[in-house]
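> make a model of this:
(chains A, B, C and D)
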4 protein chains.
Amino acid sequence: MTTSAHRLTGVVPPLVTPFTPEYEIDTASLARLIAFQLAGGVSGVFVLGTSGEGTFLTDEQRQTVLETVVAEVGGQVPVLAGAIDSSTARAGAHIAAARKAGVDGVVATAPYYAATHPAEIERHFKKLATVADGTPLYAYDIPSRVGGTKLSASILLDLGKQGVLAGIKDSSGQDASLRRLVLDRVDAELPDFAIMTGSEVTVDCALGFGVDGVVPGLGNVDPAGYVRIFDAVQAGDQATARKEQDRLFQLFEIIDVPDRTRMGASSSALGAFKAGLFLRGVIDCPYTAFPSIPLSDEEIAAIRVLLDRDGLL
Amino acid sequence: MTTSAHRLTGVVPPLVTPFTPEYEIDTASLARLIAFQLAGGVSGVFVLGTSGEGTFLTDEQRQTVLETVVAEVGGQVPVLAGAIDSSTARAGAHIAAARKAGVDGVVATAPYYAATHPAEIERHFKKLATVADGTPLYAYDIPSRVGGTKLSASILLDLGKQGVLAGIKDSSGQDASLRRLVLDRVDAELPDFAIMTGSEVTVDCALGFGVDGVVPGLGNVDPAGYVRIFDAVQAGDQATARKEQDRLFQLFEIIDVPDRTRMGASSSALGAFKAGLFLRGVIDCPYTAFPSIPLSDEEIAAIRVLLDRDGLL
Amino acid sequence: MTTSAHRLTGVVPPLVTPFTPEYEIDTASLARLIAFQLAGGVSGVFVLGTSGEGTFLTDEQRQTVLETVVAEVGGQVPVLAGAIDSSTARAGAHIAAARKAGVDGVVATAPYYAATHPAEIERHFKKLATVADGTPLYAYDIPSRVGGTKLSASILLDLGKQGVLAGIKDSSGQDASLRRLVLDRVDAELPDFAIMTGSEVTVDCALGFGVDGVVPGLGNVDPAGYVRIFDAVQAGDQATARKEQDRLFQLFEIIDVPDRTRMGASSSALGAFKAGLFLRGVIDCPYTAFPSIPLSDEEIAAIRVLLDRDGLL
Amino acid sequence: MTTSAHRLTGVVPPLVTPFTPEYEIDTASLARLIAFQLAGGVSGVFVLGTSGEGTFLTDEQRQTVLETVVAEVGGQVPVLAGAIDSSTARAGAHIAAARKAGVDGVVATAPYYAATHPAEIERHFKKLATVADGTPLYAYDIPSRVGGTKLSASILLDLGKQGVLAGIKDSSGQDASLRRLVLDRVDAELPDFAIMTGSEVTVDCALGFGVDGVVPGLGNVDPAGYVRIFDAVQAGDQATARKEQDRLFQLFEIIDVPDRTRMGASSSALGAFKAGLFLRGVIDCPYTAFPSIPLSDEEIAAIRVLLDRDGLL
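Numbers count the residues shown, from 1 in each chain, chains lettered A, B, ... in the order given. Next up, the predicted model:
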């Protein structure tokens, strides 16, 4: 399967980046994470995204992640790489590096820090597509992280028609606008424009109304669960899909374990995912990127209880 | 005067970065901008900030700016450099490069893109201070660009007491909280902690209630005007300061000239400043960084009228 | 069926309030609207809500609406009445009036205008329940209208356990938190706590993951369509439900017809619903409440095209 | 002095509404509050505003407040009354009642709960002016309470030119836009359009750049202090004004005493003002309107310390 010939579909988890206690990239843990994901049946992996803490890493660390992942995946599924940065020039540099490392697709947000107009966002993606030079470029719609900028259906599909974008990862959390995009894709006659949801708690619904796949942060911890949802919906078995999603929604409670009066919303959620992987024996250290505050031993123990309740240990 | 021995004060404009029509750094224009600012009587210059479009530039372009500015200023006033990036590691790399180029101070925001907790922001600044290694580090409080994160007075003054921060540039636009900080600085017995406002339209007020200086974007176009406000307040002549500020507020209308139905809020304001410098003969090209949309000829002509009304042409 | 004995379920449209061109309540049109809804198969009606422009009406006008609706419905289905006002005292007065008029349930938001704490919101609903005195009280979660206040699952279910609340109408547009509430209801062992969604574009999903019914603004125009979704989901036919929801999502485009550069978001959407009812011959005048700007003839003609496309004319 | 013949100026505190422990209007305390304010030298009083908890009161309670205040003030200074409600019809009813009670001016916000367009807001104020029928109508700009709606300078001054509005109370907290309005008033040649600020912590600044007066919540507790600021600025003594404002800013810390983890932002601030009046012997009971949570004895004791520090006890 290649992303250029066919639309991206299925479960494509946004992989976390394992660190050593000294905040170096832990390539051995990363290799095990890849093996764990492939064993779970994922259709692809997405590295250096929000869950991958890509915006925290130096260029050297990013390179280490890309090379490790491309080598470990070995072409079994597509590798998508985040090229998330504040401006066209900086995101473009990440795209160039990712292509050199041999990824199968790149993923970029709207510019951030500065406040941009939709017409400027269009220029941004068009320029990035020239840098990608044939490697599929996906838009990453994540308003909460980019100053509230929401990518509209009309811009996305226009850029799809022009061959600039191969699809979108929607992390807006707005299922109504996502469904609108699915409906508009039909009118635009763009069947090859991939629509992936980044929301991990309504995947059965989103697949039900026509998205192509999911990029679930929680899929780091339980990729097989999301694959089961996908397979059930493909088989027309919405009841099984719902049951599995409900289970994963309960599992998602792990992100509420960390104490948000002493740490951030990002480090809480990613820390919980990493704690889950640590407890399942996949990675060696649950640290999130500096300056994030790590989970306490008590918090990790509380997550263990939730994983155990779910039969994941 | 050095920033390390004495508190930063006065007018320290956040310089724009001139481009060629091909989006290269226009070092000749940048040199003229430095000369223009020094002739205007500024107390320092701040490069690679929000007005300097630092987050749009590649590392190579940033280096060109730093080297040009340090050379052109030649020690006449302090040079402050923005080290604005999403994470500690990336901002730290900018600080290291800026120090190597010989700047007198560095300026960093809270982390962005990820959502961070105040305790994580403290870790961020403490780590950056170790990288700055004696070069004064200023916090840049600009909630609108960093996901709404506001730096609290208690954190700022705690970090000031610990020797981590030399001061703050406040671009929150919240004069009430800024005044609170001024009052709390007295209680904290931190007279050397510099408090600079980034708001260009209430400078007479802010100096009146005790801030040390101003970092006015509009100061690119009319540094002498801001210096007159500062001098008037120092001389106890609030009436003259008000009159000058009222004039500059009228001049600030240039940022409302560009059509925001076709370009962004950032490119409108910065484009207007650059158009002003272009019309005043300081820089050769009014372009803002890609993917920003440039002002039209008609918009530049309308700005000419406003500058002419004000006697600046 | 009574709301007190059994959980509220099914399709309960939030009825618009028809006006004459002089902004009086058009009781004849209101009677026709009731008949139209009953013919469509609705399980109940909700008057004086957001769609009913309850906050625009005088107490006398509210009374006219209540009496007309209670008389026309004649006990065939439950009548729910909005008691939406800024404070406990004012909402309580509306509840008392609604009870006197003989409604079957009352619906209240969190306090607004003032910024309240969850503990104050709890006091609010407890007091309102004593005023309701046995008439079922439903919480209305609509953060966008009440200063951003979101009713948490824990408060809602606590108040459910205490017998204060009979259920909730969720108009937060946040399907993830709505699903969380459905799951938490199971843990809370509160099967009789009704959970109704106010989102009209993902009803098949919401019913699929376990909500009890829907309060769809668009149901004013096409109640039978929503009843078909509900019936299909009850019958386990998710595919039919999806198809019907997709059709209604396309019909929902009528709210994008009015020109929002000249009128508000509320008057656009409600004006479109009223135009739909006007075009279908149900009400005589499509005006929304003063000071709302009415739709132009061209806009009404454009809505006619969309209704015609859908076979509703 | 009448508000219709001359522009409103000076210190016009937004009076709190004293309650008995049973949540009835405490008219004896209200009478003492009026006497206290007049003794403090205020230029007018504003009742039933945000500080007056007008949106919490029943129509009967509102009437009691209006009649008490008009009688106690006895024409010594103008009485302004809030007519704050969600819609034109409802605010209009409050205006009619206030006129009947004999007030000298009425104050209304933009509509809220529903989302309105500027053109609809214009219709709103024009209609209210016909209801006010010669009684001066002031716009109340308080975006935080009315869904974010900000009244623009162009609308305000247009309505001023048309004789609809006599002025504005600006509680936006945005000193830059307030100053813009002051400058635009000159261009509009509307010297009689009153511009009052509702921010209590930058009054010296606002008067310095040209506003006419202040409506300070904290003025409930210390009206004489605000009168001293006003008099000092009138006398050209900005230094004394600053000193007094700095003192009042320190006193404003009383609003941070109540524990916001257990009560709301509104009840905290208003509760602190009422506690201050209670401690100064002006009112008998510090309760805020139901469902607000009252301050604890410990919190009142902590406010006593701050008042004592300031010499107000």
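> mean confidence for stretch A:270-277?
Averaging pLDDT along stretch A:270-277 gives 98.
> that stretch close to chain B?
No. Stretch A:270-277 lies apart from chain B when judged by C-beta under 8 Å from any C-beta of the partner chain; the minimum separation is 8.5 Å. All C-beta spots, glycine's among them, are computed from the backbone N, C-alpha and C.
> can you give me the strands in chain A?
Ranges of strands in chain A, per DSSP state E, are A:10-11, A:45-47, A:79-82, A:105-109, A:137-141, A:167-170, A:194-197, A:213-214.
> give me the residue from chain A nearest chain C.
residue A:205 (3.7 Å; C-beta to the nearest C-beta).
> from what I see, that residue and residue C:205 are in contact.
Yes. Shown here, residue A:205 and residue C:205 form a contact pair, counting by C-beta atoms under 8 Å, at 3.7 Å.
> mutual contacts of those two, please.
Shared contacts of residue A:205 and residue C:205 (C-beta atoms under 8 Å, 6 or more residues apart in numbering or on different chains): A:175, C:175.
> ok so, going back, let me know which of the strands of chain A is the nearest to chain B.
strand A:105-109 (8.7 Å).
> which residues touch that closest one?
Residues contacting strand A:105-109 (C-beta under 8 Å, 6+ apart): A:3, A:8, A:46, A:49, A:78-84, A:91, A:94-95, A:98-99, A:124-125, A:128, A:132, A:135-142, A:145-146, A:166, A:169.
> now narrow those to whatever sits close to chain B.
A:84, A:124, A:145-146.
> narrow the residues you listed to just the buried residues.
Among those, those buried by neighbour count (16 or more other C-beta atoms under 10 Å in any protein chain shown) are A:84, A:124, A:145-146.
> what about those, which are in helices?
residue A:124 (DSSP state H).
> pLDDT wise, what is the residue of the stretch 201-313 of chain A found nearest chain D at?
Residue of the stretch 201-313 of chain A nearest chain D, by C-beta to the nearest C-beta: residue A:261 (9.8 Å). At residue A:261, the model reports a pLDDT of 95.
> rewinding a little: and the ones next to chain B among the contacts of strand A:105-109, which two are the farthest apart?
Largest separation among these by C-beta to C-beta: A:124 and A:145, giving 15.6 Å.
> picking that back up, what's the neighbour count on the residue of the stretch 201-313 of chain A closest to chain D?
Using other C-beta atoms under 10 Å in any protein chain shown, residue A:261 has 8 neighbouring residues.
> ok, residue A:27 next?
That count, for residue A:27 with other C-beta under 10 Å as the rule, works out to 17.
> check residue A:284 too.
16.
> residue A:120 and chain D, how far apart?
25 Å (C-beta to the nearest C-beta, to the nearest Å).
> which ones are touching the nearest residue to that residue once chain neighbours are set aside?
Nearest residue to residue A:120, sequence neighbours excluded (C-beta to C-beta, 6 or more residues apart in numbering or on different chains): residue B:291, at 4.7 Å. Contact analysis of residue B:291 by C-beta under 8 Å, 6+ apart lists A:87-88, A:111, A:116, A:120-121, A:123-124, A:127.
> among the residues you listed, name the buried ones.
By 16+ other C-beta under 10 Å, the contacts of residue B:291 give A:87-88, A:111, A:116, A:120-121, A:123-124, A:127 as buried.
> redo these as TSV? Include pLDDT.
Shown next, in TSV, are the buried ones among the contacts of residue B:291 (pLDDT from 0 to 100):
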residue	pLDDT
A:87	98
A:88	98
A:111	98
A:116	95
A:120	98
A:121	98
A:123	98
A:124	98
A:127	98
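> determine which two of these are furthest apart.
Checking the buried ones among the contacts of residue B:291 with C-beta to C-beta, the most distant pair is A:116 and A:127, at 12.9 Å.
> burial of residue A:235, as a residue count?
Neighbours around residue A:235, by other C-beta under 10 Å: 10.
> right, I mislabeled it, should have said residue A:296
Residues within reach of residue A:296, counting by other C-beta under 10 Å, total 15.
> pLDDT score for it?
On pLDDT, residue A:296 comes in at 98.
> can you check residue A:4 too?
So, for residue A:4, pLDDT stands at 42.
> same thing with the one 3 residues further on?
Residue A:7 carries a pLDDT value of 86.
> setting aside sequence neighbours, what's the nearest residue to residue A:89?
In this structure, residue A:89 finds its nearest non-sequential neighbour in residue B:58, 5.1 Å apart by C-beta to C-beta, 6+ apart.
> would you confirm that that neighbour contacts residue A:91?
No. Contact status for residue B:58 versus residue A:91: not in contact, 11.0 Å apart, counting by C-beta under 8 Å.
> which one's more surrounded, those two?
residue A:91 (25 against 14).
> ok, now which ones touch the more buried one?
Residue A:91 touches A:83-85, A:108-109, A:111, A:124, A:128, counting by C-beta under 8 Å, 6+ apart.
> please redo it, this time with the cut-off set to 6 Å
Taking C-beta atoms under 6 Å, 6 or more residues apart in numbering or on different chains, we find residue A:91 in contact with A:83, A:85, A:108.
> show me where chain A has helices.
Taking DSSP H as the criterion, chain A carries its helices at A:27-40, A:59-73, A:88-101, A:118-132, A:153-161, A:175-187, A:203-208, A:223-234, A:238-251, A:265-279, A:297-309.
> how about low-confidence regions in chain A?
Counting by pLDDT under 70, chain A has low-confidence residues at A:1-6.
> centre of the chain to stretch A:117-131, how far?
Chain-centre distance of stretch A:117-131: 21 Å, with C-alpha atoms, centre = their mean, to the nearest Å.
> just stretch A:170-190 next, same as before
With C-alpha atoms, centre = their mean, you get 18 Å for stretch A:170-190.
> pretty sure residue A:241 contacts residue A:228?
No. Between residue A:241 and residue A:228 there is no contact under C-beta atoms under 6 Å: 8.0 Å.
> so the two - more neighbours on which side?
Neighbour count, other C-beta under 10 Å: between residue A:241 and residue A:228, residue A:241 has more, with 25 against 21.
> quick one, what contacts that one?
Contact partners of residue A:241, counting by C-beta under 6 Å, 6+ apart, are A:204, A:229, A:232-233.
> out of the residues you listed, the closest to residue B:162 would be?
Taking C-beta to C-beta as the measure, residue B:162 lies nearest residue A:229 of the contacts of residue A:241, at 49.6 Å.
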